[in-house]
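[1] model this:
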Amino acid sequence: MNFDAIRPYSNNELPAALERLSQNKQFLNVLSTVYPLLPKDVLRQRLKSFTSNTEFQKVMIYPFLQYLESNLTKGIELRGLERLAADRQYLYVSNHRDIILDSALLCAKLIENNRDTVEIAIGDNLLIFPWIEDLVRVNKSFIVRRSPGAKQMMESSRMLASYMRYLVNDKGQSGWIAQREGRAKDSNDKTQESLLKMFNLCGDGSYAENLSALHICPLSISYEYDPCDFLKAKEFQQKRDNPDYKKTAHDDLLNMQTGVMGYKGKVVYSIAGEISAEIRSLASVISNRNELVAATARLIDNHIYRNYEIFTVNKIAYDLLLQSEKYAAGYSLMEKLDFEKYLEKQIEKIDLQDKDVDFLRIKLLEMYANPLRNAESVA
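    Next up, the predicted model:
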């Protein structure tokens, strides 16, 4: 297949893409906020100096991610690298919290562990401006065409699945993709069965053979605090009050900016290891295709749930939501009061004319309680 329409730019395509970026005023304004001490002329020259995607990531992107870790987190951990073979590439399938940072911070931690960064699946709905597509394709991202039209959907899905198989088996790169389209705004992470059906289009073998060829590796991402929690709660009320409500491009940009520049507390990435053997085991006892897909989705979910980092705020939210004291031994009264003040502060940020404070508070509590509820389900 010809993957030109979705793949990252190759190194020989970089000069033209970086030249376009260096001449784009909007992008340069964004870059100036990231590197405020560097004049735009210097930024332009630096942009045009890169000769590989990896060099661009390490020199231009990685220092900014270091800044975020130092100033907007309590630290970021990557666990489970010992579960991976050094000579094999993987497709990481993870829960999805932040539009930009889920994959970006993973790449930063891989760089620090002397591992190659991953290629990143990104939905075309986020390519709001032409320069964003240039930027993400320079930054080792491949494009998921969300709405190519009914006739083209199967062809687009087959191309995406084939590209991911080519990525991990022939190109020698690992990849990252979220377990579902869009973020789980209530933090109730569930793998979409349609994603697994798309994976199955990557070959002519059995379901287990096709998915095993992708070397799927579940990845759990845990943020202590979600900077976008109030925006997600707001969207829940907007959808409740208007079933036809749709986010705008401005909403996506605001979520991206808030997620990147907001405080995240502790962040933990935990790698489960490859699950190909478990998929083959499921296929040996489940003959019905739909049941097998559902069982594979549960398998990925369970690995993600087991590897969550459960923070104090998750325990407090659980008890507040369910009006229990099940986890009361795990936090102090002061920590509980501080979290309740945090919720009040986040609700105050929500600019809705008919703000339903009780509803919004429940939605915020669900976001922080659901990881613990899911972890309980596989305990």
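[2] burial count for residue 25?
    Neighbour count of residue 25, defined by other CB atoms under 10 Å: 9. Glycine gets a C-beta too; all of them are placed from N, C-alpha and C.
[3] mind naming the longest strand for this structure?
    The longest strand of the chain (DSSP state E) is strand 216-223.
[4] may I see the buried residues of the helix or strand containing residue 250?
    Using DSSP states H and E, residue 250 sits within helix 249-261. The neighbour-count check on helix 249-261 (16 or more other CB atoms under 10 Å) flags 255-260 as buried.
[5] repeat that for stretch 109-120.
    If you call a residue buried by 16+ other CB under 10 Å, then stretch 109-120 has these buried ones: 109-111, 117-120.
[6] so where do the strands sit in the stretch 251-379 of the chain?
    With strands called from DSSP state E, counting those that start in this stretch, the stretch 251-379 of the chain shows them at 266-271.
[7] what about dumping the CA coordinates of the helix or strand of the chain with the lowest mean pLDDT to CSV?
    Here the helix or strand of the chain ranked lowest by mean pLDDT, DSSP states H and E is helix 150-166, holding a mean of 90. The C-alpha coordinates for helix 150-166 follow below in CSV (Å, rounded to 0.1, in the frame of the first residue of the first chain):
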residue,chain,number,x,y,z
ALA,A,150,-19.0,5.7,4.1
LYS,A,151,-17.6,4.4,0.8
GLN,A,152,-14.0,5.2,1.8
MET,A,153,-14.2,4.1,5.5
MET,A,154,-13.3,0.4,4.8
GLU,A,155,-10.4,1.4,2.6
SER,A,156,-9.2,4.0,5.1
SER,A,157,-9.4,1.5,8.0
ARG,A,158,-7.5,-1.1,6.0
MET,A,159,-4.8,1.4,5.2
LEU,A,160,-4.4,2.4,8.8
ALA,A,161,-4.3,-1.2,10.0
SER,A,162,-1.8,-2.1,7.3
TYR,A,163,0.4,0.9,8.2
MET,A,164,0.6,-0.1,11.8
ARG,A,165,1.6,-3.7,10.9
TYR,A,166,4.2,-2.3,8.5
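[8] toward the C-terminus, what is the element adjacent to it?
    strand 175-178.
[9] buried set for whichever helix or strand comes after that next one?
    Sequence-wise, the next helix or strand downstream of strand 175-178 (DSSP H and E) is helix 193-199. Neighbour-count burial for helix 193-199 flags 195-196, 198-199 (criterion: 16+ other CB under 10 Å).
[10] stretch 47-55 now?
    Buried residues in stretch 47-55, defined by neighbour count with 16+ other CB under 10 Å: 47, 50, 53.
[11] residues touching that stretch, excluding its own?
    With contact meaning CB atoms under 8 Å, 6 or more residues apart in numbering, stretch 47-55 is reached by 8-9, 11, 14-15, 18-19, 21-22, 31, 56, 59-60, 116-117, 138-140.
[12] distance of the nearest residue to residue 122 once chain neighbours are set aside relative to residue 231?
    Distances taken as CB to CB, 6 or more residues apart in numbering place residue 141 nearest to residue 122, at 4.7 Å, with adjacent residues excluded. Computed as CB to CB, to the nearest Å, the residue 141 to residue 231 distance reads 23 Å.
[13] burial measure for residue 220, as a count.
    Neighbourhood size, residue 220 [other CB under 10 Å]: 23.
[14] got a list of what residue 162 touches?
    Contacts for residue 162 (CB under 8 Å, 6+ apart) come out as 1, 3, 201-202.
[15] wait, doesn't residue 294 sit right on residue 194?
    No: using CB atoms under 8 Å, residue 294 makes no contact with residue 194, being 11.7 Å away.
[16] let me see the domain layout of the chain.
    Listed by automatic domain parsing, the domain ranges of the chain are 11-225+262-309, 228-259+310-379.
[17] nearest residue to residue 262 other than its sequence neighbours?
    Nearest residue to residue 262 in three dimensions, chain neighbours excluded: residue 227, at 2.2 Å (CB to CB, 6+ apart).
[18] can I assume the one you found sits in a strand?
    No: using DSSP: H, G, I helix; E, B strand; the rest coil, the assignment for residue 227 is coil, not a strand.
[19] low-confidence ranges in the stretch 1-150 of the chain?
    147-150 (pLDDT under 70).
[20] if we use 90, what do you get?
    1, 86, 125, 145-150 (pLDDT under 90).
[21] where's residue 77, which helix or strand?
    Secondary structure assigned from DSSP H and E places residue 77 in strand 75-79.
[22] what's around residue 45, how many residues?
    12.
[23] oops, could you answer that again for residue 296 instead?
    Using other CB under 10 Å, residue 296 has 26 other residues around it.
[24] now the one 10 residues further on
    Other residues lying near residue 306 total 16 when counted by other CB under 10 Å.
[25] any idea how far residue 134 is from residue 40?
    17 Å.
[26] what are the contacting residues of the strand holding residue 77?
    Here strand 75-79 has contacts from 69, 105-106, 108-110, 112-113, 266-271, 307, using CB under 8 Å, 6+ apart.
[27] and for stretch 99-112?
    Under the contact criterion CB under 8 Å, 6+ apart, stretch 99-112 has outside partners 57-58, 61-62, 65-66, 68-69, 76-78, 92, 94, 96, 116-118, 120, 126, 176, 178, 183, 219, 221, 252, 255-256, 259-260, 264, 267, 269.
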